[in-house]
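Asks: Just a sequence and a predicted model for now, questions to come.
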Amino acid sequence: CACAGLPRSPVPCREVVALGARALTPHQPPDRSSYHMAGTGASKGVGVGSRFLRRTGSLIRLGCGNTWICTANLLLFLLLAASLANVVVIKQVGEVPSRFYGVLTRAVETPAARAAQRVDFLREIRWSVLWIVLAMTLKSGAHLAAELVAVHWRGNVTEYAHRVYVSTGILHRVCCRAASVDNPDQRLARDIENATQTLAQIIEKLAATPVNAVYYSVLTYGLLGWRGLVAVLVFVAALLGVQRLLAVPLSRAVADVEGANGDLRRLHVRIRERALDIDLIGGAPFERARADRKLSAAIASQRRAALWSLGVTAWASAGDYLGAILAYLVLGTSIVQGDTWGAASASELAAIISRGAFIVIMNVNAFTTMADAGELVAELAGYVGRVFGLFDECRKAASEADADAAHRSRLEPPTRMQEDSAVVVDRDARSCQPPLVFAQELTVYNGRSLELAPVLSRISLAVASGSRVAITGASGCGKTTLLRTLRGAAADGAVSGTALVKPALRVSFSTQTAYLPEG
């Protein structure tokens, strides 16, 4: 029942509007060029490229609340400071073996020299314990800061998502677009959390990588010359190139996994909410078969993601081991050629090999850390693509709602109700003010298919102040669609014609399933 401008005293409906076969009359669909057709696929727009970098920057800005002075930025500063301090500490820890070699292999010929060796040995033990404890403290502090950053980012990004998604005129438009934005609730609750956590892990892992790469490259050049440095850089370039190729399909596989899992969870929620209806009509076998199909799709997508993840992880592990072999290969070549440390004694050579191996391994590790983070980057690309896919659809829906509102504001209902209107309610009020609700040549198509006959075809309607109107008709003839269209909340299909509601008119709308906000 549609009511407009009702008086407080109950009065009978003055006119009944019947929707029958006339509402289903075929009508020429509107121009396809004016109708937006969205894309499909859970992994649409997912990849590791320039758009991913822009979206990641936007995610950080949203997480920080678009301000420089905030808790998240303070925690990021602490994370970077701890990571940079750990570079110095790790270098000291790595040189502990070479210092022990220098003390323990030193020639001792007198009791005084032996006593001095004992003192130096105890000193090295104290310093090594101190450096190790400091390294553990800095690493733990950096990890805690990363976790707290992820928590703050998640809160700020989710609040922004609530503002752009849970908004009048946008919510129903986005929810109707299941083909391009599957499971908006999962993107809000799970994908934002995963994106912020993964991004914080990447920052924690790569915070000191540029400093490490430059610092140990300089040390490698000073120790082995340009040949050693070039060997390291060529190895790293090959490693990162292959890693980049493996990361792209993994990011898409992660997005597909999230979409399939969201479909399965949504079906489980539907079964729980409609449990009584399912039992009453005996629909359990059908729901079980549907759930099994959704489960099979989720398992298949997860299996594909696991295979791509195996490739990324295996290649990163191979890089770590091959980097260690490369370190000793470069050092061994310099020693065998005898052009670097030919005059060094055995004890000095042992200390040099220990220190040199540490420097080269750390140099390779500074670059292979990027490869190790490749799997995290691929996962982040999947999560970021899904989150910003929702944001893009919300912005698109907001633009459509604004355009619709602007179009309505330019239209005016007639000052008088015409005799030739298809449906004129309260004919005695033709000389009064313009109608509260007005529709002319209104045609509504079902969903996105423009080939089918419209649900409503060329409906004209005018409702005056004080009228009571009942809309009747067979099930499925378009009663609810007409009311939703007049309310400005039609399904995501094509609409032509004019539908106006008087500005500033307070409208109450009761759906078939009653809804009241909590509280």
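Replies: Noted; the coordinates are in hand. Residues are numbered from 1 along each chain as shown.
Asks: Just the C-alpha atoms of stretch 74-91, please, in CSV.
Replies: C-alpha atoms of stretch 74-91 as CSV (Å, rounded to 0.1, in the frame of the first residue of the first chain):
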residue,chain,number,x,y,z
LEU,A,74,54.2,7.5,15.4
LEU,A,75,54.2,3.7,15.4
LEU,A,76,55.6,3.7,11.9
PHE,A,77,58.4,6.0,13.0
LEU,A,78,59.3,3.7,15.9
LEU,A,79,59.2,0.7,13.5
LEU,A,80,61.6,2.4,11.1
ALA,A,81,63.9,3.5,13.9
ALA,A,82,64.0,0.1,15.4
SER,A,83,64.7,-1.5,12.0
LEU,A,84,67.5,0.9,11.2
ALA,A,85,69.1,0.5,14.6
ASN,A,86,69.0,-3.2,14.1
VAL,A,87,71.1,-2.9,11.0
VAL,A,88,74.1,-1.7,13.1
VAL,A,89,73.4,-4.3,15.7
ILE,A,90,73.2,-7.2,13.3
LYS,A,91,76.5,-6.1,11.7
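Asks: low-confidence ranges in the stretch 351-500 of the chain?
Replies: Along the stretch 351-500 of the chain, segments meeting pLDDT under 70 span 405, 407-433, 446-452, 488-494.
Asks: do that again at 90, thanks
Replies: 351-383, 385-386, 389-390, 392-500 (pLDDT under 90).
Asks: what about the strands in it?
Replies: Taking DSSP state E, counting those that start in this stretch to define them, one finds strands in the stretch 351-500 of the chain at 437-444, 456-463, 468-473, 495-501.
Asks: Distance to Ala318 and mean neighbour count added to those strands, as CSV?
Replies: Where you see a C-beta, it was placed from the backbone N, CA and C, and this is true even at glycine. Output for the strands of the stretch 351-500 of the chain, formatted as CSV (distance: least, C-beta to C-beta, whole Å; neighbours: other C-beta atoms under 10 Å):
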stretch, distance to Ala318, mean neighbour count
strand 437-444, 59, 22
strand 456-463, 63, 23
strand 468-473, 69, 17
strand 495-501, 58, 19
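Asks: Can you tell me which of those strands is nearest to Asp191?
Replies: strand 495-501 (31.6 Å; C-beta to C-beta).
Asks: rewinding a little: dump the strands of the stretch 351-500 of the chain into TSV; add distance to Phe358 as well.
Replies: Formatted as TSV, the strands of the stretch 351-500 of the chain follow (distance: least, C-beta to C-beta, whole Å):
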stretch	distance to Phe358
strand 437-444	73
strand 456-463	77
strand 468-473	82
strand 495-501	70
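Asks: and Glu159, which of those strands is closest to it?
Replies: Nearest of these (C-beta to C-beta): strand 495-501, 31.5 Å.
Asks: coming back round to it: between the strands of the stretch 351-500 of the chain, which one is nearest to Ala113?
Replies: Judging these by C-beta to C-beta, what sits closest to Ala113 is strand 495-501, at 96.4 Å.
Asks: Tell me which strands that closest one pairs with, and in which orientation.
Replies: Using DSSP bridges, the strands paired with strand 495-501 in its sheet are strand 437-444 (antiparallel).
Asks: what's the angle between the partner strand and strand 456-463?
Replies: 180 degrees (axes from the mean of the first three to the mean of the last three C-alpha atoms, to 10 degrees).
Asks: Return the set of buried residues in stretch 269-276.
Replies: Ile271 (16 or more other C-beta atoms under 10 Å).
Asks: Now tell me what touches it from outside.
Replies: Contact partners of stretch 269-276, identified using C-beta atoms under 8 Å, 6 or more residues apart in numbering, comprise 278, 287, 291.
Asks: Out of those, flag the one nearest to Lys502.
Replies: For the contacts of stretch 269-276, the nearest to Lys502 is Ile278 (43.2 Å; C-beta to C-beta).
Asks: Need the three-state assignment for the closest one.
Replies: helix (DSSP: H, G, I helix; E, B strand; the rest coil).
Asks: how about low-confidence regions in the stretch 1-150 of the chain?
Replies: In the stretch 1-150 of the chain, residues with pLDDT under 90: 1-54, 56-57, 60-121, 123-125, 127-128, 131-132, 135, 138-143, 145-146.
Asks: one step back: tell me which of the strands of the stretch 351-500 of the chain approaches Val174 most closely.
Replies: Closest among the strands of the stretch 351-500 of the chain, using C-beta to C-beta: strand 495-501, at 17.3 Å.
Asks: Show me how far the longest helix anywhere in the chain is from its chain's centre.
Replies: The residue-count maximum for a helix in the chain (DSSP state H) belongs to helix 209-273. Here helix 209-273 shows a centroid-to-chain-centroid distance of 18 Å under the convention C-alpha atoms, centre = their mean, to the nearest Å.
Asks: pLDDT of that helix, averaged?
Replies: Helix 209-273 carries an average pLDDT of 82.
Asks: which ones are touching Thr443?
Replies: Residues in contact with Thr443 (C-beta under 8 Å, 6+ apart) are 27, 454, 456-459, 495-497.
Asks: From Leu223, how far off is it?
Replies: The gap separating Thr443 from Leu223 is 79 Å, by C-beta to C-beta, to the nearest Å.
Asks: Ok, Ala195 next?
Replies: Distance from Ala195 to Leu223, by C-beta to C-beta: 41 Å.
Asks: likewise Ser50?
Replies: Applying C-beta to C-beta to Ser50 and Leu223 gives a distance of 38 Å.
Asks: Which one's more surrounded, these two?
Replies: Leu223 (20 against 8; other C-beta atoms under 10 Å).
Asks: Contacts only, for the closest residue to the more buried one other than its chain neighbours.
Replies: Of all residues not flanking Leu223 in the chain, Gly356 sits nearest, at 5.4 Å (C-beta to C-beta, 6 or more residues apart in numbering). Going by C-beta under 8 Å, 6+ apart, Gly356 touches 223-224, 327, 331.
Asks: Among those, which one has the most neighbours?
Replies: Going by other C-beta under 10 Å, Ala327 tops the contacts of Gly356 with 26 neighbours.
Asks: Which of the helices or strands spans it?
Replies: Per DSSP states H and E, Ala327 falls inside helix 284-337.
Asks: Next, the angle from that helix to helix 209-273.
Replies: Using the same axes, to 10 degrees: helix 284-337 against helix 209-273 is 170 degrees.
Asks: how much distance is there from helix 284-337 to the middle of the chain?
Replies: Using C-alpha atoms, centre = their mean, the offset of helix 284-337 from its chain centre is 22 Å.
Asks: so what does that helix touch, helix or strand wise?
Replies: The contact analysis (3 or more C-beta pairs under 8 Å, 6 or more residues apart in numbering; DSSP states H and E) places helix 284-337 against helix 209-273, helix 346-372, helix 374-410.
Asks: Between these, which one is closest to Pro184.
Replies: Minimum separation from Pro184 across the helices and strands packed on helix 284-337 (C-beta to C-beta) falls at helix 374-410, 5.7 Å.
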